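**Student:** What follows is a protein structure lacking sequence information:
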């Protein structure tokens, strides 16, 4: 063997395990950056209250009377991931009511149900209350859309309130934070 062959430096190659670890670390970094990116801006998770106690925005707050056999509807636009704190309280009048929170598509089904062209409508189980005099719920919006709070003193709901008279209500809807889902889809 010549001297030249003996002094040749050995090339160092990375093992497949080291290469795999580097790829996994890069994917984790990418995944975390993707999870904090929303609509053209990065979300600072430190600004989000983990306990959902701080109010980001009062969407609406009001008192109103609803006649027996009638309903009232409030429309608002929110985005996927918004956390809504919804409070409905009967202040005076004919007793319990029902309410539903639903997006445009479900609201059209509700309208059809009221006028007899639909035999049923769908509502989110965790965004409705039947036969109540007070309710406070936290609901995470599943999709960006036009949403509705429907206050029902109309009756005709299975397990719902039976209207006795007009009701005086206090209603408040607040956006109390934002939830980022940690998945693709």
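**Tutor:** Cool, the structure landed. Computed from a prediction, not measured in an experiment: that's the story for all the values here.
**Student:** Quick check: beta-bridge partners of residue 72?
**Tutor:** Judged by DSSP bridges, the bridge partners of residue 72 are residue 151.
**Student:** mind checking how far it is from residue 153?
**Tutor:** Between residue 72 and residue 153 the computed distance is 8 Å (C-beta to C-beta, to the nearest Å). Just so you know, the C-beta spots here come from the backbone N, C-alpha and C atoms, and that holds for glycine as well.
**Student:** shared neighbours of the two, anything?
**Tutor:** Taking C-beta atoms under 8 Å, 6 or more residues apart in numbering as the contact definition, residue 72 and residue 153 share the neighbouring residues residue 66.
**Student:** out of the two, which sits in the busier spot?
**Tutor:** The residue with more neighbours, out of residue 72 and residue 153, is residue 153; 27 against 18, by other C-beta atoms under 10 Å.
**Student:** what about the chain, any weak spots by pLDDT?
**Tutor:** Within the chain, the stretches with pLDDT under 70 are 1-14, 31-54, 156-160, 162, 180-185.
**Student:** beta partners of residue 100?
**Tutor:** When residue 100 is checked against DSSP bridges, its beta-bridge partners turn out to be residue 128, residue 150.
**Student:** so it sits right up against residue 122, yeah?
**Tutor:** No. The pair formed by residue 100 and residue 122 falls short of the contact definition of C-beta atoms under 8 Å, at 9.6 Å.
**Student:** Settle it for me: which of the two has more neighbours?
**Tutor:** Comparing residue 100 with residue 122 by neighbour count (other C-beta under 10 Å), the higher total belongs to residue 100, at 23 against 12.
**Student:** The more buried one: what's it in contact with?
**Tutor:** The neighbours of residue 100, taking C-beta under 8 Å, 6+ apart as the test, are 110, 123-124, 127-128, 148-150, 152.
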